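Novice: Test case, fold it:
(chains A and B)
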Amino acid sequence: MAKPGLAVIGIAEVATCRDPERTRWDILLDVCMGAIRDAGIDKNDVGAVISNNPMAQPAMQNDMSLGKIPEVMGLKGCRDIAICNAGGASTTNCLRLAEQHIASGQVDFVLVPHTTVQSDMPPQDLINFFATAPLDKQFEYPYGVSFNGSMGLITQRYLYETGATEEELAAVTVALRAWGALDPRSIFYGKPVTLEDVMNSRMISTPLKAKECNLLADGGGAMIVTSHEKAKEFGEKAVYKLGHGTRFMSATPMLREDVFHRQSYRESSADALAQAGLSIDDMDLRQIYGAYPYTQCSALEGYGVCEEGQGARLWAEGRCGPGGDIPCTTMGDATGRGHSGSGVSMAFYLDTVRQLRGESEERQVANCEHAILTTSGGSVMNTCTTVFGRAMR
Amino acid sequence: MSDYKKPLPEIQPFSQAFWDGTREHKLLIQHCGDCGANIFYPRRDCPECWSQNLGWIEAGGRAVVYTYSVTYEGVEEKFADDLPIILAWIDLPEGIRMHTNLLECEPEEVHIGMEVEVIYKQVTEEITLPYFRPVAS
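Specialist: Predicted coordinates for the structure are as follows:
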C-alpha cells in the first residue's frame, strides 16, 4: 500500500500588519473558515485541529491547547486537537502530527491554524520575551543581549569568514523588501527600499541595521491538509509534500558548532530531496525562513546552490529577488514581510502553496513545479526542510 | 550594590560553584572526572557521558574574540545606561566558548581574533559577573 503522504488543499491568510484593534480570535476565525472554504469541504469533515502555538500569547495558547477551536466553530467531526510548539518551526511540527492522524486512516482532513497579535503588547515586554525565551538566562541574558544582538554576533562572524561586505548583506534585505513590496500580505506592500535606505538605517547591533531587523507584527493563517490520495479529488488546489528532513543544532547560539547552520541546511535538504527523488537543481523556488539576512546566504551554501561563502554575492547580483534566475524567499522572510511570531513559518507554507498553485500574481515564479522550504525555531536551533510539488510523485 | 537593577543570572544548584568562583575572582570551568570533557555552561550531568563525577578546573583567564556585536539600541530599559554594549563570544584555550561583554575598550578597537582577559564586577553581595577586556599590549 502506498504511503498516505500529506497534501495541502485549502489555505487562508490575514495579511501581516499592525492592528491592535483586531483580536486574536477575529483573525483566527477568519483564517480557519477561509481555509475550509478554500478547500471546499464541509466544516464537519475536519477530523482534527492541530494548532501552531502562538508564542507569548498565553490566553490564546490556553484556548488552542484546550479545545476551543472546534467548539467555537462547531466542528462536529473533530476527533481530537493538539497544539505544537517549536517556536518558528511550530507549523512544521503541526504538519507532522497532522500527517500521523491522516496516516491512521481515521481522519481525512486536518485544520492547521495560527494567529498572533503583537501590536497590543508593550515593546519592552516583546524585547524581554525575545531576549529570554530563546537565549540562556544564566550566561547570556545578564549581559544585555537582545535577539538582534545575538543574530548580530553570528552575522559579524559570517562577514569575517566569507569576506562578504555589509553592502552585499544589505542587498539581501533590498531583495526581500522587493518581494514584500509586491505582496499585499506583507506589511511592506508598496514599500520597497534601496541599498542606501538599508545602509543608512539606524545601527542596532553591528553589523545589523534597523531595516535588517524584524518588525514585530500581527497575522494569521490556516491550512487544510489531507492524504495524497484524497488530494487528487481537489485538482489544482492540491500541493503535495514530497520529502522532509530535519537537523537540530543547539538551543543556545554560543554553543553551536555549525554557527551558520550550513551543515544543518545541507543534511536536512539532502534528506528531503532524497525522499522526494529530486535534486536541488529541480527546485524552482527556495523558501528560507531564518528571520535574519545571513540565513538567506548560508542556506543557499548549505543547499549546494552555490559554494560556501558565495551566498551574499548571489543576492547582491540580484539573482534571488524579483526577476532573478534563482528566485528565493518570495515570502519576503520576517525582514521583508513583518514578524508575526510563530506565524512566520505558517506564512512561508502558505506562500509556497500559492507559488505552486500559480496564484502569486506579480511575484509568481515561472513554471513553479517544485519548491524547497526550510523553517527554523528559537535562535535557529534547527532546520526543518520540506520539498513540495505541484504534482504527486 | 544592592540597587543593581539588571537581570541576575538564574543560578542552578550545579552552577553554584561557578558563581562562588567568580566571587573569589576565579573563572571555574566544569570538568568531567570520567571522560575529561570541559563543560560550559555547567550541567547536572556530563552531556558527553552522563557521568555525575563532575569537578572544576580554574581557567587561565585569557581568551580570543570569536565574534562581537556592538549594540546601540533595542535593549530593555534596564540596560539603556550601558549603551553601546559590546557583546562578544570569546574562545578560551580550555575549549570553552562564552558569551560576555567587552569592557574598558571602545567599539572601534574591537576585532575578531583580539586577545582578551577576564575581569570581575561585583554587582550584588552574592553575584560577581565575569567580563573581559583587551590584554594590554
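Novice: Ramachandran coordinates for residue 42?
Specialist: With no chain named, the answer covers chain A. A:D42 adopts backbone torsions of phi -80, psi 150, taken as degrees, to the nearest 10.
Novice: switch to chain B, that's the one I care about
Specialist: Per degrees, to the nearest 10, the backbone of B:P42 is at phi -60, psi 140.
Novice: by contact count, what packs against the longest strand along chain B?
Specialist: For chain B, the longest strand by residue count, based on DSSP state E, is strand B:62-71. If contacts are counted by 3 or more C-beta pairs under 8 Å, 6 or more residues apart in numbering or on different chains; DSSP states H and E, strand B:62-71 sits against helix A:147-162, strand A:203-205, strand B:85-92, strand B:115-122. For every residue, glycine as well, the C-beta is placed using N, CA and C.
Novice: please redo it, this time with the cut-off set to 10 Å
Specialist: helix A:147-162, strand A:203-205, strand B:85-92, strand B:96-101, strand B:115-122, strand B:128-134 (3 or more C-beta pairs under 10 Å, 6 or more residues apart in numbering or on different chains; DSSP states H and E).
Novice: For stretch A:56-74, give the mean pLDDT please.
Specialist: Mean pLDDT, stretch A:56-74: 95.
Novice: coming back round to it: please compute how far the longest strand of chain B lies from its chain's middle.
Specialist: The chain centre lies 12 Å from the centre of strand B:62-71; the measure is C-alpha atoms, centre = their mean, to the nearest Å.
Novice: State the mean pLDDT of it.
Specialist: Strand B:62-71 comes out at a mean pLDDT of 98.
Novice: Next up, the contacts around residue 86.
Specialist: Using chain A here. Residues in contact with A:A86 (C-beta atoms under 10 Å, 6 or more residues apart in numbering or on different chains) are A:52-53, A:92-94, A:246, A:248, A:342, A:345, A:375-378, A:381-382, A:384.
Novice: not quite, I wanted chain B
Specialist: B:I86 touches A:143-144, A:206, B:65, B:68-71, B:100-103, B:105-107, B:109-110, B:131-132, counting by C-beta under 10 Å, 6+ apart.
Novice: Out of those residues, which end up buried?
Specialist: A:143-144, A:206, B:65, B:68-71, B:100-102, B:110, B:131-132 (16 or more other C-beta atoms under 10 Å in any protein chain shown).
Novice: Need those residues in a markdown table (columns: distance to A:A171).
Specialist: Formatted as a markdown table, the buried ones among the contacts of B:I86 follow (distance: C-beta to C-beta, whole Å):
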| residue | distance to A:A171 |
| --- | --- |
| A:Y143 | 31 |
| A:G144 | 30 |
| A:T206 | 18 |
| B:V65 | 27 |
| B:Y68 | 23 |
| B:S69 | 20 |
| B:V70 | 22 |
| B:T71 | 23 |
| B:T100 | 32 |
| B:N101 | 31 |
| B:L102 | 30 |
| B:V110 | 25 |
| B:Y131 | 36 |
| B:F132 | 34 |
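Novice: Kindly export the longest strand of chain B (C-alpha atoms) in PDB.
Specialist: C-alpha atoms of strand B:62-71 as PDB (Å, rounded to 0.1, in the frame of the first residue of the first chain):
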ATOM      1  CA  ARG B  62      42.800  34.600  28.700                       C
ATOM      2  CA  ALA B  63      40.600  34.300  25.600                       C
ATOM      3  CA  VAL B  64      40.300  35.300  22.000                       C
ATOM      4  CA  VAL B  65      37.400  37.100  20.500                       C
ATOM      5  CA  TYR B  66      35.500  34.700  18.100                       C
ATOM      6  CA  THR B  67      32.900  37.400  17.200                       C
ATOM      7  CA  TYR B  68      31.400  40.500  18.500                       C
ATOM      8  CA  SER B  69      28.500  42.900  18.000                       C
ATOM      9  CA  VAL B  70      28.100  46.400  19.300                       C
ATOM     10  CA  THR B  71      24.500  47.100  20.400                       C
END
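Novice: any idea which of the buried ones among the contacts of B:I86 is closest to A:L255?
Specialist: Minimum distance to A:L255 across the buried ones among the contacts of B:I86 is 14.3 Å, recorded for B:T100 (C-beta to C-beta).
Novice: which residues pair with the residue of chain B found nearest chain A across the strands?
Specialist: Nearest to chain A in chain B, going by C-beta to the nearest C-beta, is B:S69, at a distance of 3.3 Å. With DSSP bridges as the criterion, B:S69 is bridged to B:L87.
Novice: shouldn't it be in contact with A:I154?
Specialist: Yes: applying C-beta atoms under 10 Å as the test, B:S69 and A:I154 come out as touching, 8.6 Å apart.
Novice: For A:G163, list the residues it contacts.
Specialist: Contacts of A:G163 by C-beta under 10 Å, 6+ apart are A:G309, A:Q310, A:A312, A:R313.
Novice: what's the closest non-adjacent residue to B:S15?
Specialist: B:P42 (4.0 Å; C-beta to C-beta, 6 or more residues apart in numbering or on different chains).
Novice: Count the residues that sit near that neighbour.
Specialist: The criterion is other C-beta atoms under 10 Å in any protein chain shown. On that basis, B:P42 has 21 neighbouring residues.
Novice: So for the contacts of A:A86, which is the shakiest by pLDDT?
Specialist: For the contacts of A:A86, the pLDDT minimum is A:S342, 89.
Novice: Hmm, A:Q57 and that residue touching each other?
Specialist: Yes: at 9.2 Å, A:S342 counts as touching A:Q57 under the criterion of C-beta under 10 Å.
Novice: State the pLDDT value of A:M1.
Specialist: So, for A:M1, pLDDT stands at 44.
Novice: Sketch out the helices for chain A, chain order is fine.
Specialist: In chain A, the helices defined using DSSP state H lie at A:24-39, A:58-65, A:68-73, A:90-103, A:123-132, A:147-162, A:166-181, A:195-200, A:228-231, A:262-276, A:293-303, A:311-316, A:333-337, A:343-357.
Novice: Of these, which shows the lowest average pLDDT?
Specialist: Among those, helix A:123-132 carries the lowest mean pLDDT (a mean of 86).
Novice: got the buried residues for that one?
Specialist: Those would be A:L126, A:I127, A:N128, A:F129, A:F130, A:A131, A:T132, for helix A:123-132 by 16+ other C-beta under 10 Å.
Novice: List the residues that contact the fourth one.
Specialist: Contacts for A:F129 were tallied using C-beta under 10 Å, 6+ apart; they are A:M55, A:A56, A:Q118, A:M121, A:F147, A:L216, A:G341.
Novice: how about those residues, which pair is most distant?
Specialist: Once C-beta to C-beta is applied, these give A:M121 and A:F147 as the farthest pair, at 14.9 Å.
Novice: Please say which of the two ends up with more neighbours.
Specialist: In terms of neighbours (other C-beta under 10 Å), A:F147 is the more surrounded of A:M121 and A:F147; the figures are 24 against 14.
Novice: Give me the nearest residue to the more buried one, chain neighbours excluded.
Specialist: A:F130 (3.9 Å).
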